[in-house]
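Enquirer: Turn this into a structure:
(chains A, B, C and D)
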Protein chains: 2
Amino acid sequence: MDQVLSSVRNGCKLLKMFLDGPPEMGVTELSKRLQLSKGAVHKLLTTLESEGFIRKNEKTKQYTLGYTLLELGDKVIKNHDIVAFSTPYIQRLLARTQELVVLCIQDGKDAIYVSKADSPHPIRFTLETYRRFPMYSTSASRVLLAYRTPEFQDEILREEIKGYTPHSFTSVEEIKQNLQDIRERGYEFSSNRRNVGVTGMAAPIFDSTGEVVASISVIGPSDRVLPQQDVIRNELLTTVQEMSAELGYRYQLTRPVL
Amino acid sequence: MDQVLSSVRNGCKLLKMFLDGPPEMGVTELSKRLQLSKGAVHKLLTTLESEGFIRKNEKTKQYTLGYTLLELGDKVIKNHDIVAFSTPYIQRLLARTQELVVLCIQDGKDAIYVSKADSPHPIRFTLETYRRFPMYSTSASRVLLAYRTPEFQDEILREEIKGYTPHSFTSVEEIKQNLQDIRERGYEFSSNRRNVGVTGMAAPIFDSTGEVVASISVIGPSDRVLPQQDVIRNELLTTVQEMSAELGYRYQLTRPVL
DNA sequence: AACATCGTTCTCTATTCGTGAACAAAAATC
DNA sequence: GATTTTTGTTCACGAATAGAGAACGATGTT
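Expert: Numbering: from 1, shown residues only, chains lettered A, B, ... in the order given. Down below sits the predicted model:
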């Protein structure tokens, strides 16, 4: 029945409080946010501190995330084959397009940018890596979503859709149509959708089983990207096809017909 | 009495298993390493998985570290003032010395390199950031240790000392002497000690209270570093003095006399 | 096809978790 | 500087659960 350890879950939730909360918090503040008693929070904190997951500022008696999380987070990247594998391709794509290149993967119901190469231009589009976001919200994550099962897509789209710009999607029907477009086209092209004045293209990377394991996106200011969109599209598609081929994917034989 | 939550501690220890173990592990292997029943490990894993701290490979039924740890690890760096503060200084020091520059901090009984700038030379000394190591083992961490209380130093040195090279320290007395040298000299110079053919220099950064908050080390191949050691020492000391001054440390007034 | 091994589920009891109150130690207020 | 408020920490207790161990079911191996 009960497959979850409540105190472990509380410990996890406590750590995650620091993702959106202030960098340092006290026992009382955490107990309010977690809706747990001060005593329980205090026990959680001392336990997590003894393991290096939490660090205590002895002067202010406030608590912060500990350095063990730094080690673990670093391991996630080091253990992740696709990140190491993609690095040279991302670098090459940056060299050829001169715009931001990001690698996007799926984790549960969310998407995450796990690797990037910044544009050398002084005015450039930037984004934060390692933070989760909804799968319907960016071109790279929509490419991932486009190749998932219809059931999974519905599950994702059941969540509330927030419009970011006048050009953002507002209805579920609109996104479902977009996902079909992506599959037919083989990539996503998105201009001024989430951010005004920003244009991005994204394409999927397949592995030997035909699964989409990641997507790559090239994003930049519309006034630089739109004039050279044919070049960028060409470089992007060449890159993901090379990567997929190296992973054992056969484009001719198993081209997806969803 | 009991200030520690056993299941939370078990969860932490489970996650840390992946630091030195294989990148993917199953229930049985983890239960053996943790000396817990399979059922208990399974509950830990499902709980940690539901919070994104563990990821399950559905094909192999094996478990790995989850992406939430990536977010949290990234936050540790982002929240850490000294890292952001030191970045421009580290970059400048790299530009002037052309050798590896690292920032070292203390965490409990360990030391960690939290930031670095790699040498542009094709042959260069490199090291891994974010991993903990004993405070007596590198020049940067010995600088940190040198400004701690004698009680703390003894606590650290009580641990077993492992010699890395023929020039490494072998006795506690030898290290205590070295710590005193560092305080008198104001920096550490270490040639061929831990790694043959490698020379490094390290110096402390003080804050307004006179505490050493971090140390900076410049490390490179001995045949490049030794000929220009005066230049490197000068640049290093200038840098840490500037940083300490910016943090509010007064060299004249509060020079430590330990 | 029989076997071994692994992940998962189940039941049960000793253990422990979380609460709420009390205490102590700082901060903030006057 | 004294008082009040707020904070971190400790404690005791009852309800909840964590962990052991065995059994099940699913893989993959010989």
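Enquirer: Packing partners of the helix or strand encompassing A:Tyr63?
Expert: According to DSSP states H and E, A:Tyr63 maps onto strand A:62-65. Under the contact criterion of 3 or more C-beta pairs under 8 Å, 6 or more residues apart in numbering or on different chains; DSSP states H and E, strand A:62-65 touches helix A:6-20, strand A:54-57, helix B:68-79. Where C-beta positions appear, they are placed from N, C-alpha and C, glycine not excepted.
Enquirer: Mind doing that once more with 7 Å?
Expert: strand A:54-57, helix B:68-79 (3 or more C-beta pairs under 7 Å, 6 or more residues apart in numbering or on different chains; DSSP states H and E).
Enquirer: tell me the secondary structure for A:Glu151?
Expert: Here A:Glu151 is helix, with the state taken from DSSP: H, G, I helix; E, B strand; the rest coil.
Enquirer: For it, give me its contacts.
Expert: Going by C-beta atoms under 7 Å, 6 or more residues apart in numbering or on different chains, A:Glu151 touches no other residue.
Enquirer: re the thing from before, could I get the CA-only coordinates of the strand holding A:Tyr63 as CSV?
Expert: The C-alpha coordinates for strand A:62-65 follow below in CSV (Å, rounded to 0.1, in the frame of the first residue of the first chain):
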residue,chain,number,x,y,z
GLN,A,62,20.0,30.0,8.9
TYR,A,63,20.2,27.0,6.7
THR,A,64,21.3,26.6,3.0
LEU,A,65,21.8,23.9,0.5
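Enquirer: A:Glu159: neighbour count?
Expert: Applying other C-beta atoms under 10 Å in any protein chain shown, we find 12 residues neighbouring A:Glu159.
Enquirer: Can you tell me the closest non-neighbouring residue to it?
Expert: Leaving aside its chain neighbours, A:Glu159 sits nearest to A:Pro134 (6.8 Å; criterion: C-beta to C-beta, 6 or more residues apart in numbering or on different chains).
Enquirer: near DNA strand C, which residues of chain A?
Expert: Proximity of chain A to DNA strand C (C-beta under 7 Å from any atom of the strand) is limited to residues A:1, A:3, A:6-7, A:10, A:35-40, A:43-44, A:60-61.
Enquirer: one more time with 6 Å
Expert: A:1, A:3, A:6-7, A:10, A:36-40 (C-beta under 6 Å from any atom of the strand).
Enquirer: What separation do you get for the residue of the stretch 51-200 of chain A found nearest DNA strand C and A:Pro22?
Expert: Going by C-beta to the nearest atom of the strand, DNA strand C is nearest to A:Thr60 of the stretch 51-200 of chain A, at 6.4 Å. Per C-beta to C-beta, to the nearest Å, A:Thr60 is found 12 Å from A:Pro22.
Enquirer: swap in A:Ser139?
Expert: A:Ser139 sits 32 Å away from A:Pro22, going by C-beta to C-beta.
Enquirer: who has more neighbours, those two?
Expert: For the pair A:Ser139 and A:Pro22, the greater number of neighbours falls to A:Ser139 (25 against 11), based on other C-beta under 10 Å.
Enquirer: The more buried one against A:Ala202, yeah?
Expert: Yes: in this structure A:Ser139 lies within contact range of A:Ala202 using C-beta atoms under 7 Å: 4.2 Å.
Enquirer: Touching both of those two, which residues are there?
Expert: A:188, A:217.
Enquirer: what about the residue of chain A positioned farthest from its centre, which SS state?
Expert: Residue farthest from the centre of chain A, counting by C-alpha atoms, centre = their mean, is A:Lys59 at 36.5 Å. Secondary structure assignment for A:Lys59 (three-state DSSP): coil.
Enquirer: Distance check, it against B:Leu145.
Expert: 21 Å.
Enquirer: now A:Gly220
Expert: Separation of A:Gly220 from B:Leu145 (C-beta to C-beta): 48 Å.
Enquirer: Isn't A:Asn57 up against A:Glu24?
Expert: Yes: counting by C-beta under 7 Å, A:Asn57 touches A:Glu24, with 6.4 Å between them.
Enquirer: ok and the residue in chain A nearest DNA strand C?
Expert: Checked against DNA strand C (C-beta to the nearest atom of the strand), the nearest residue in chain A is A:Gly39, 2.8 Å away.
Enquirer: roughly how far apart are that residue and A:Ser31?
Expert: For A:Gly39, the distance to A:Ser31 (C-beta to C-beta) stands at 9 Å.
Enquirer: just A:Lys61 next, same as before
Expert: 14 Å.
Enquirer: Which of these two has more residues huddled nearby?
Expert: Comparing A:Lys61 with A:Ser31 by other C-beta under 10 Å, the one with more neighbours is A:Ser31, at 19 against 10.
Enquirer: The more buried one should be in a helix, yeah?
Expert: Yes: under three-state DSSP, A:Ser31 falls within a helix.
Enquirer: which residues does it contact?
Expert: A:37-38, A:41.
Enquirer: Drop the exposed ones from those residues and show what's left.
Expert: A:Val41 (16 or more other C-beta atoms under 10 Å in any protein chain shown).
Enquirer: Secondary structure added to the contacts of A:Ser31, as JSON lines?
Expert: Output for these, formatted as JSON lines (three-state DSSP):
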{"residue": "A:Ser37", "secondary structure": "coil"}
{"residue": "A:Lys38", "secondary structure": "helix"}
{"residue": "A:Val41", "secondary structure": "helix"}
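Enquirer: just the contacts of A:Ser31 now: which is nearest B:Cys104?
Expert: Proximity of these to B:Cys104 (C-beta to C-beta) peaks at A:Val41, which lies at 31.9 Å.
Enquirer: Run a quick check on that closest one versus A:Met25, I expect a contact.
Expert: No: counting by C-beta under 7 Å, A:Met25 is not a contact partner of A:Val41; they are 9.8 Å apart.
Enquirer: For DNA strand D, what's the nearest residue on the stretch 101-250 of chain A?
Expert: Residue nearest to DNA strand D within the stretch 101-250 of chain A: A:Thr209 (13.7 Å; C-beta to the nearest atom of the strand).
Enquirer: From B:Leu48, how far out is A:Leu179?
Expert: 31 Å.
Enquirer: what's the closest non-adjacent residue to A:Gln62?
Expert: A:Glu24 (4.0 Å).
Enquirer: Looking at the one you found now. What's its pLDDT?
Expert: Per-residue pLDDT puts A:Glu24 at 90.
Enquirer: tally of neighbours for it?
Expert: 17.
Enquirer: Name all residues that make contact with it.
Expert: A:57, A:60, A:62-64.
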